[in-house]
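A.B. asks: What would the 3D arrangement of this be:
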Amino acid sequence: MSTFTLEIVTPERKVYAEDVNMVIVKGTEGELGILANHVPMVTPLRISSITIKKDRSEQIIAVSGGFVEVRKDKVVILAESAELPESIDEARAQAAKKRAEQRLAGKADEYDFRRAELALQRAMNRLAVKQRG
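C.D. replies: Residues are numbered from 1 along each chain as shown. As a prediction, the model looks like this:
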């Protein structure tokens, strides 16, 4: 199977840079599977996991939004944050989930409510990736 270079970059660091066979991302319009020689494109990403397929193995990475840029021989994911399963602190993610749920249950203005929703999505995504990884 053909390969292409996948880079996952956050404002702080490069999280991942390897040749892979396939990457599956969740864009704002739905799930997208990218193989070598995919048509060039740019699309925003949702808070979700990214699945990387390489040599019959699978790796999952949690991302919190951003963009994916597909080029002929390279895919670059510019994420607000990206975490490998082994670097996710499960207790910290559980605490963040609990805080977000408490904020959603309380009386908050629309801005705070949206922030709490996003915090809850990030925490749940991190927990799901930790459990799968």
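A.B. asks: what is the residue most central in space within the chain paired to in the beta sheet?
C.D. replies: Nearest to the mean C-alpha position of the chain, by CA atoms, centre = their mean, lies residue 63 at 2.1 Å. Note on residue 63: beta-bridge partners residue 48, residue 82, judged by DSSP bridges.
A.B. asks: That one against residue 48, yeah?
C.D. replies: Yes - between residue 63 and residue 48 there is a contact under CB atoms under 8 Å: 6.7 Å. Every residue, glycine included, has its C-beta placed from N, CA and C.
A.B. asks: how deep is residue 120 tucked in, by neighbour count?
C.D. replies: For residue 120, the neighbour count with other CB atoms under 10 Å is 19.
A.B. asks: Apart from its chain neighbours, what residue comes closest to it?
C.D. replies: Using CB to CB, 6 or more residues apart in numbering and skipping the chain neighbours, the partner closest in space to residue 120 is residue 100 (3.7 Å).
A.B. asks: tell me the phi and psi of the one you found?
C.D. replies: phi -60, psi -40 (degrees, to the nearest 10).
A.B. asks: So what's the residue count around it?
C.D. replies: There are 20 residues near residue 100, going by other CB under 10 Å.
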